[in-house]
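Q: got a predicted structure plus its sequence, pasted below:
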Amino acid sequence: MKLNQIKNLSKTEYLPIIRPESEEVLCSLLRQNNPQKILEIGTFYGYSGTVMLLCCPEAKLCTIEKNQENALVAKQTFIDEGVSERANLIVDDAMNAILNLEECGEKFDFIFLDGAKGQYIKYLPHLKMLLNNGGVLVADDVSFHGYVAQENVGHKHRTIVNNLKKFMQEIENSPEFESKLLDIEDGLLIAKKIK
């Protein structure tokens, strides 16, 4: 599938793809940092993965997607956009895949975190290990529809919201990261690993 097709579909079907302003920030960060190896958690249809590869013509992408059907669409997107040679798609539960990458001693210059929001805090210690010094971690949708800023959150979203708050506090208080939260769209957290 071509990027513009996914974009059009996202307007009618409300597909969970990166929003325009966040995409702009992501591309500008990629151009500044020029990563060679990118890790993405949450491939979906391959939209943001393709965008990242098009922004960084030298980079290689390792991207993780749990859903088989989404992964098939993503594979086709990578082919249709001419980036499939540089995209390694892992179809697995994100935590499993992250642990396997860590065990293999993999290292990345840039991590785009856009998977299950309630799991960000569980991934964090492992992502720290996977990220090179000077590398950048970008977490999307950290405001979680504005719930994170609310005092009283309904039972349905409470766990996710509490986990996201912990995740952001952990990064903010970590001496390993310099971070900032961009209050655009659904919240974008940018953290640079400084040690």
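A: That came in fine, so what should we check first?

Q: please count neighbours and contacts with C-alpha atoms only from this point.
A: Fine.

Q: tell me where this protein has strands.
A: All strands of the chain, identified by DSSP state E, fall at 37-41, 60-65, 87-91, 108-113, 131-140, 177-182, 188-193.

Q: TSV for those strands, including mean pLDDT, mean neighbour count and distance to Lys122?
A: As requested, those are exported to TSV (pLDDT from 0 to 100; neighbours: other C-alpha atoms under 10 Å; distance: least, C-alpha to C-alpha, whole Å):
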stretch	mean pLDDT	mean neighbour count	distance to Lys122
strand 37-41	97	24	13
strand 60-65	97	24	16
strand 87-91	96	18	19
strand 108-113	96	24	12
strand 131-140	94	22	13
strand 177-182	87	17	17
strand 188-193	90	21	16
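
Q: residue contacts, the residue nearest to Lys107 when sequence neighbours are not counted?
A: Distances taken as C-alpha to C-alpha, 6 or more residues apart in numbering place Leu130 nearest to Lys107, at 4.7 Å, with adjacent residues excluded. Applying C-alpha atoms under 8 Å, 6 or more residues apart in numbering, we find Leu130 in contact with Leu101, Glu102, Gly105, Glu106, Lys107, Phe108.

Q: Thr63 too?
A: Applying C-alpha under 8 Å, 6+ apart, the residues near Thr63 are Leu39, Glu40, Ile41, Gly42, Thr43, Gly49, Ala87, Asn88, Leu89, Ile90.
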